[in-house]
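[1] Sequence below, structure please.
(2 chains)
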Protein chains: 2
Amino acid sequence: MTLVHRPVLPSVSPGYLHKLIPEELPEKAEDWKCIMKDIERVIMPGMTHWQSPNFHAFYPAPTSYPSIIGEMISAAFGTVGFSWICSPACTELEVIMMDWLGRFLGLPETFLRSSGGTGGGVIQGAASEAILIAVLTAREQKVQKLMRKYPELTESEIRGKLVAYSSDQSNSAIEKAGILAAVPMRLIPADKDNQLTGQLLQSAIDEDLLNGKFPVICIATFGTTGTCSFDKVHEIGPICNENDIWLHIDAAYAGAALCCPEYRPLMTGIEWANSFNFNLHKWMMVNFDCCAMWFKNSHAVIDAFTVNRIYLDHKHQGASDRAPDYRHWTINLGRRFRSIKVWIVLRTLGAEKLRAHIRGQTGLAEMFENMVRSDERFEIVCKRTLGLVCFRLKGECSLTKTLLDQITARKQLFMIHATFDDKLMIRFVICGHNPNEKDMLFAWNEVKTQADILFSVKEVTENLNNKCAISTQDFVDKQRQFSSCVGDIQQKLEKVK
Amino acid sequence: MTLVHRPVLPSVSPGYLHKLIPEELPEKAEDWKCIMKDIERVIMPGMTHWQSPNFHAFYPAPTSYPSIIGEMISAAFGTVGFSWICSPACTELEVIMMDWLGRFLGLPETFLRSSGGTGGGVIQGAASEAILIAVLTAREQKVQKLMRKYPELTESEIRGKLVAYSSDQSNSAIEKAGILAAVPMRLIPADKDNQLTGQLLQSAIDEDLLNGKFPVICIATFGTTGTCSFDKVHEIGPICNENDIWLHIDAAYAGAALCCPEYRPLMTGIEWANSFNFNLHKWMMVNFDCCAMWFKNSHAVIDAFTVNRIYLDHKHQGASDRAPDYRHWTINLGRRFRSIKVWIVLRTLGAEKLRAHIRGQTGLAEMFENMVRSDERFEIVCKRTLGLVCFRLKGECSLTKTLLDQITARKQLFMIHATFDDKLMIRFVICGHNPNEKDMLFAWNEVKTQADILFSVKEVTENLNNKCAISTQDFVDKQRQFSSCVGDIQQKLEKVK
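    The predicted structure follows:
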C-alpha cells in the first residue's frame, strides 16, 4: 500500500506493541524475510507517517532518495569523525558543505570558513543542541570576562547573576537550554504580532541591569513554531551589541527559505548574530538529523568546550582552519559522517530544485489559505508566512477544538493546535514527501466536510436541547437532513480517495 | 578495491579536499553516476577506514549489514519521535528494545521498564550525551533537595558549592560534562591499577564535605579508554549511597561484554548505579550512533528536563509507562527511529552470535597478546582485558614513540598511544568489520618488522655516531646488513598482502 493510501495517524493505543513482540531477544539468528514481514505486521500499524502528504503537524521533516542513499553510505563507512585524523574527508567535507550552504543562504561572509577569519559552520544533531551549545558558549565566555572585570566576585556569585533572553513564542528547546545551562531564560512576552522587538528586549535588559544581573545571551527566532513569526533582529541586534550580549538566531524552519532572495527581507539583521542555526532536515530535503550551525567566532566555542587527552592527540591537530577538530564544537565526542548526505542531496538536486521546493511549498500553503478564506465560517488568524497557515472557525475556541478533535479521530489528516492572541487555532503546515495540489484539495475537503458535520451536529444538538420548543415533526425532519448530510459527505470523501 | 587492500590511514594533508571540490553548490542537478564516481575520486583518498580489520585505534565502531539496512529504513520513514503520538511504534519499540538489551546484559530488574517501577532505558546519541544527561539530572535533583534542606542559602550559593567525581582515567567526555554542566569535576587520581577505589573516593568526599561542598554525582567507568580498567563499583556504590551521591556508570565499550556471563564479575556492583550507559555502536554491531542508557528512577530525568508547550500536547500523554514522551529524557526535542536498527540487528544476529562476536574478538586480542609476549623486546604493560592489548618496547619511551610513528607513517595499521604508570605505550584494539586471525598475523608482522627496522637503524645510527670507533669496513658491512634486512621485510609484507 502506498503511503498516500495509509492513514497518516495510527489506530493503536499506548502499549500496543508490547503485545506483538516477545519479551526477550531471540537466541538464534532469525531470517530476514521474517523480520521484513514483521515491519508490516507490527511497526506499520503504529506509524505516524511524517512523509505522508497528509501530514501537516509541527514542521516538515522530509526525507529524499538522495538523502537515504547518503545515510546508507555514511552508515557503511561507519566513520566516527571527532578529529581530523579520524577521517579527513569527514571533517573537510563538513567544512566545505557549511560554506556551500552559507553562500547558498546568503549568510554574511564572516560566518564562512573561507572568509579566512574565525567564522565557520558545523553540523549539529538538532536545533535544540545548537541552541544549548550557543547558550553554553556564551555563558562560558561571559563568565571569563566577568571574572576579569570583577575580581572581587566569586565565580559562583557571577554565575548566580547571569540571565538570558528569548520571546515567549520561541521553541521549548530554548527554555530547556536555559534549564540545562542553569542560566535563567527570561521568556519576554512578544508583541501583538508575536515578534520580539528591540524595545521589549531593552526594557528587560534595563530591569535586569538595575537588579545587578549580567545578561549573557538573547535567542531570537526566524519562524517561530506557533505562528512562523520573525523577531525584529535588526532592532535586537544593535541592542545586544551595545550590551555585549551574544545573539543567537534560531531559524530552524524558516532558515532554508533564505536560499530564495525574495524571502531574505523577512530575516534582515542576520549580520548582527554571533551564531545562527537552521535545520536541513526541516526544509532542505536532508533527512533528520542535520542541523546547520554557524559561528562568527568559532574560537569561542572551542575555548568553552575543549578538553584534551593523550589518546586524542594527532600529528595535524590545530594545523589548519580547514581541518578543525570538530569534537570541540559539539557536545558529543563521536560524530557521524553527515556531510556526505548533505553533499549528495545538494548535488543531486542542485540550487535550482531546492529553491523550487521552497517556492512550491509556499505556493501550496497560499492555495490552502485561499480555500480557507473562501469559506466564511473560517478565519485566517495571523498573516501566513512560508508554509504555515493558521486558521480557525470564527466564534468560540471550543468549536475549533471540536473540529480538530473530529479530524484527528478520522486519521486522514494530522494537524495540531496552537494559540494566538488567546485564540485557539489550527496549524496547517506543508509537510511530507512531495505534496502537490491534489493533496491540498484533499486536505481542504476533509476540513470543510468535517466543519459541515460539526455544524449539522451542533444544530441538531441545539434543537434537542430546545426540544420543548420544537415539534416532533420538525425534529424528525432535522434528523433526516442530518443523516442525508452525513451520507453526502461520506460519498464526497470516497470520491476524493 | 576491497577494504582490506586499502591503507587504513589516508595519505592526504590538511586542506586536501578544498582543491578537489568547487566553492559553490551546483545550480543544476547533477547525475548520480558522476556523484558516485566522485566518492571514489575525492572522498576515498581522505578516509580513515574504521571498518578495516587493520584499524586498531580508539575503540571499535563497527557497522553491520543489518544495521545499515536499519539505518536506511529509519531514514526512509523519516520519523521524528519526540512524543508517543509522533510515532507510537518509534517510542514503544525503543522501550521494548531497552528491556531486551537490559535482560541480555543481565542488568538488575530495577533498570527495566517491565519491572513496573520507575526504571527504564532510552537511546542517546553517544556516551558523552548520556554522561552529560546524568550530570544534569543529578545536579537538578540535588539542587532541589538542598534548597528544601537549606532555605537560608540562595540557589546560586548552592550551585556554587556543588562538586562531582570521576577518576583521572575516565573519558574526556566526563571532564567536558563537568564544564558544560558548570559542576566542577574532580578527577581523582586512580590507583596503581588505574582503578577508582572506595577509599580514594571517600577521601575526596571527606575533604569536600569539610570545605562545605555538596557532592552531586560520581561517574565510574567500566572499561576506561586508556587501559580498559574497571573502577571498583562494589566499593564506590555503598559510599555514594550513604552520601546521597548519584552514581553513574559509563561502560561505553565494556558494557556489551555483560552479555557473556563470564565477564560479569568484571562489573560487580552495577546494582548500586542510578544510571548506566553502554554503546551499541562500540561492540554490538549497531552502527554509530546508538548509546543505550538506563535509569533506576526515570522520573528524575523527566523532572529535570521537562518543558511543555501547547503544540506538543497530545491525547495520550502520560497515559502509560509503556508510552513515554522521550523528549523529556534527552537534550534534543527531535529524535530518530534508532530502535528499528537495534531490533533488526538483534534479530538478524540473535543472542548466540552476539556473544560469539564478543568472545571471538577477545580471543583475537589474546592471540595478539601472546605474539607480543613471544618477542622479548616487547612487554605487555598492564593486564589485558577484553579486546585491548597495551604493549610497548622495553626501555625508553622514545623507542615506543618512534615505533608507533614509523608504523603510522606506513599507513598499514592504525593504533594510538596512551600512558600507564608514566610509561608511553601502544594501544592495540580489535576493531573493524569482522577481523580474523589472519589480520592478527598481519598486524603482528607489521609491528615486529618495524621493530626490526627500528633496531637496525638504531644500531647503524649509533655506529655512525661512534664512527671514530668503527672501521670503514665494519660500517659498510652494517649498511649491507641493514639493506638486506629492509629487503626481507618488504618481501614478507608483500607475501602477507
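[2] got the phi/psi numbers for A:Val429?
    phi -120, psi 140 (degrees, to the nearest 10).
[3] can you count the residues close to A:Arg264?
    14 (other CB atoms under 10 Å in any protein chain shown). All C-beta spots, glycine's among them, are computed from the backbone N, C-alpha and C.
[4] and it, what does it touch?
    A:Gly106, A:Leu258 (CB atoms under 8 Å, 6 or more residues apart in numbering or on different chains).
[5] what does the model give it for pLDDT?
    Looking at A:Arg264, its pLDDT reads 96.
[6] Over to it: give its phi and psi.
    phi -60, psi -30.
[7] distance of it from A:Ile416?
    Note on A:Arg264: its distance to A:Ile416, by CB to CB, to the nearest Å, is 29 Å.
[8] A:Ser52 belongs to a strand, doesn't it?
    No. Read with DSSP: H, G, I helix; E, B strand; the rest coil, A:Ser52 is coil and lies in no strand.
[9] Identify the residues contacting it.
    By CB under 8 Å, 6+ apart, A:Ser52 lies in contact with A:Leu3, A:Val4, A:Arg6, A:Val8, A:Phe414, A:Gly432, A:His433.
[10] Tell me the residues of the stretch 351-497 of chain A that contact chain B?
    Proximity of the stretch 351-497 of chain A to chain B, by CB under 8 Å from any CB of the partner chain, involves residues A:Ala351, A:Glu352, A:Lys353, A:Thr408, A:Ile416, A:His417, A:Ala418, A:Thr419, A:Arg427, A:His433.
[11] Now the fourth one: which helix or strand?
    When secondary structure is defined using DSSP states H and E, the element that contains A:Thr408 is helix A:397-410.
[12] Can you list the strands that the helix or strand that that helix is followed by pairs with?
    On the C-terminal side of helix A:397-410, the closest following helix or strand by DSSP H and E is strand A:416-420. If you go by DSSP bridges, strand A:416-420 pairs up with strand A:423-429 (antiparallel).
[13] can you list contacts of the partner strand?
    A:56-60, A:226-227, A:365, A:368, A:381, A:387-392, A:397, A:400-401, A:403-404, A:415-419, A:443, B:311.
[14] ok, and for the helix holding A:Thr408, which residues are buried?
    By neighbour count with 16 or more other CB atoms under 10 Å in any protein chain shown, helix A:397-410 contains the buried residues A:Leu399, A:Thr400, A:Thr402, A:Leu403, A:Leu404, A:Ile407, A:Thr408.
[15] Alpha carbons of that helix, as PDB, please.
    Extracted in PDB, the C-alpha atoms of helix A:397-410 (Å, rounded to 0.1, in the frame of the first residue of the first chain):
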ATOM      1  CA  CYS A 397     -12.500  28.300  20.700                       C
ATOM      2  CA  SER A 398     -14.400  25.200  21.600                       C
ATOM      3  CA  LEU A 399     -15.700  25.000  18.000                       C
ATOM      4  CA  THR A 400     -12.200  24.900  16.600                       C
ATOM      5  CA  LYS A 401     -11.100  22.400  19.300                       C
ATOM      6  CA  THR A 402     -14.000  20.100  18.400                       C
ATOM      7  CA  LEU A 403     -13.300  20.400  14.700                       C
ATOM      8  CA  LEU A 404      -9.600  19.400  15.200                       C
ATOM      9  CA  ASP A 405     -10.600  16.500  17.500                       C
ATOM     10  CA  GLN A 406     -13.000  15.300  14.900                       C
ATOM     11  CA  ILE A 407     -10.500  15.400  12.100                       C
ATOM     12  CA  THR A 408      -7.700  13.800  14.200                       C
ATOM     13  CA  ALA A 409     -10.100  11.000  15.200                       C
ATOM     14  CA  ARG A 410     -10.600  10.200  11.500                       C
END
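[16] how many other residues sit next to A:Lys19?
    Residues lying near A:Lys19 (other CB under 10 Å) number 7.
[17] Okay, it and chain B: tell me how far apart.
    10 Å (CB to the nearest CB, to the nearest Å).
[18] pLDDT for the buried residues of helix A:397-410 - can I get that in TSV?
    Converted to TSV, the buried residues of helix A:397-410 look like this (pLDDT from 0 to 100):
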residue	pLDDT
A:Leu399	96
A:Thr400	97
A:Thr402	96
A:Leu403	97
A:Leu404	97
A:Ile407	97
A:Thr408	96
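[19] and which of those is nearest chain B?
    A:Thr408 (8.0 Å; CB to the nearest CB).
[20] Please look at the closest one and A:His417 and confirm they touch.
    No. Checked against CB atoms under 8 Å, the pair A:Thr408 and A:His417 is beyond contact range at 9.7 Å.
[21] related to what we said a few turns ago, which of the contacts of strand A:423-429 are buried?
    Buried among the contacts of strand A:423-429 by 16+ other CB under 10 Å: A:56-60, A:226-227, A:365, A:368, A:381, A:387-392, A:400, A:403-404, A:415-419, A:443, B:311.
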